[in-house]
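**Student:** Mind looking at a prediction? Sequence and model below.
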Amino acid sequence: MADKQRDAWDKAAIIIQALGGFMTAFVVAGLGLLGSHYLERKQAIETNVRLYTELMSKREESESALRKDMFASIIDTFLKPQLQAKAPSLDARVLNIELLAYNFHESLNLKPLFAHVDHQVRESNHPSKQEYRQRLDKVAREITRKQMLVLEGAGKKFERKFHLDHVPKAKEGLPVELDEQVLTLDGIEREFRIFVMEVNYDTQEIKLRLEVITPEPGSDQFTTNSAVFWVGFFDFPMIDHTRLSHDQRCAVTLNNFEDNRANITVVYFPGSYASLKEKPYYQEVVRELLKTTEGESKPKAAQ
């Protein structure tokens, strides 16, 4: 009887060993297939990413080369007219301004060119003089609108309207003070005050004095940034702005200048949204990095 039980256990052990070997082989084969599939998939993804990166890099190089050639060709019409058999016409200059503005408005300060061509148009006797001025005005407003959409999404803004005939003549009387406004961005509160000092009806520009008052945290002290400047339709907020502390910016745009009324917008935005030509100071970069590091470490300390 004992021999029969032993034979049964021996048979069971043999069967279990066989099943164990089979299961081991099955598991090893399955892991091998899964691992091979994972590696193949990972290699395919890496290949696609590398191919996409190469394509994008070549595309950017081609686009940069095209933009470089376009910029050189257009800018030469303004800076080197003496090399041409005939000076470019007003229509060609306005067209070149349009091409420059639509393609390079985030990286170039185009106000001098706009003002130069606008002056040439105003001084000319061309029958299409009014049309050219309207084209310059249209492209300037369009570029301002595009930049303001970006800046408003990242910052804060407010508008002010006033009558032009209330503004004193040059060096006469006191400037017109507009209602102040308090804005807070990234935890920094600032008070904005605007004084209208002078109006140029020929160029449709307004001379302003901007004062930005920033209270010091935990004290009654405050700092004041003050700037005096002319603002017109050719001042673009990503380029023409006032630098504030903590890598922030403030810009004023002219929205309307007609019917003896003017409308301006003040936008308060982070410095990272300024034009591509403007670089932050190293001290500001280090300060922002330290602020980010402290912000990430505080929750861990609290835990």
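**Tutor:** All right, it came through fine. Numbers count the residues shown, from 1 in each chain.
**Student:** Which strand in this structure has the most residues?
**Tutor:** In the chain, with assignment by DSSP state E, the single longest strand is strand 188-200.
**Student:** Check the model's average confidence along it for me.
**Tutor:** Across strand 188-200, pLDDT averages out at 92.
**Student:** Equivalent analysis for stretch 213-223, please.
**Tutor:** On average, stretch 213-223 scores 85.
**Student:** Straight-line length of it, end to end?
**Tutor:** 6 Å (Cα to Cα, to the nearest Å).
**Student:** In it, which of the residues would be classed as buried?
**Tutor:** Within stretch 213-223, the residues scored as buried using 16 or more other Cβ atoms under 10 Å are 213-214. Using the backbone N, CA and C atoms, a C-beta is placed for each residue, glycine as well.
**Student:** can you pull out the helices in the chain?
**Tutor:** 2-79, 90-104, 111-123, 129-154, 282-302 (DSSP state H).
**Student:** now for the third one, which elements pack on it?
**Tutor:** Under the contact definition 3 or more Cβ pairs under 8 Å, 6 or more residues apart in numbering; DSSP states H and E, helix 111-123 sits against helix 90-104, helix 129-154.
**Student:** same deal with the fourth one?
**Tutor:** The elements that helix 129-154 packs onto, with contact taken as 3+ Cβ pairs under 8 Å, 6+ apart, are helix 90-104, helix 111-123, strand 248-258, strand 261-270.
**Student:** Out of these, which gets nearest to F192?
**Tutor:** Between F192 and the helices and strands packed on helix 129-154, the tightest spacing by Cβ to Cβ is seen for strand 261-270, at 5.8 Å.
**Student:** and that closest one, average pLDDT?
**Tutor:** 93.
**Student:** which strands and helices sit next to that strand?
**Tutor:** helix 129-154, strand 156-163, strand 181-185, strand 188-200, strand 205-215, strand 248-258.
**Student:** Partner strands of the fifth one, with direction?
**Tutor:** Strand 205-215 has the following strand partners under DSSP bridges: strand 188-200 (antiparallel), strand 222-231 (antiparallel).
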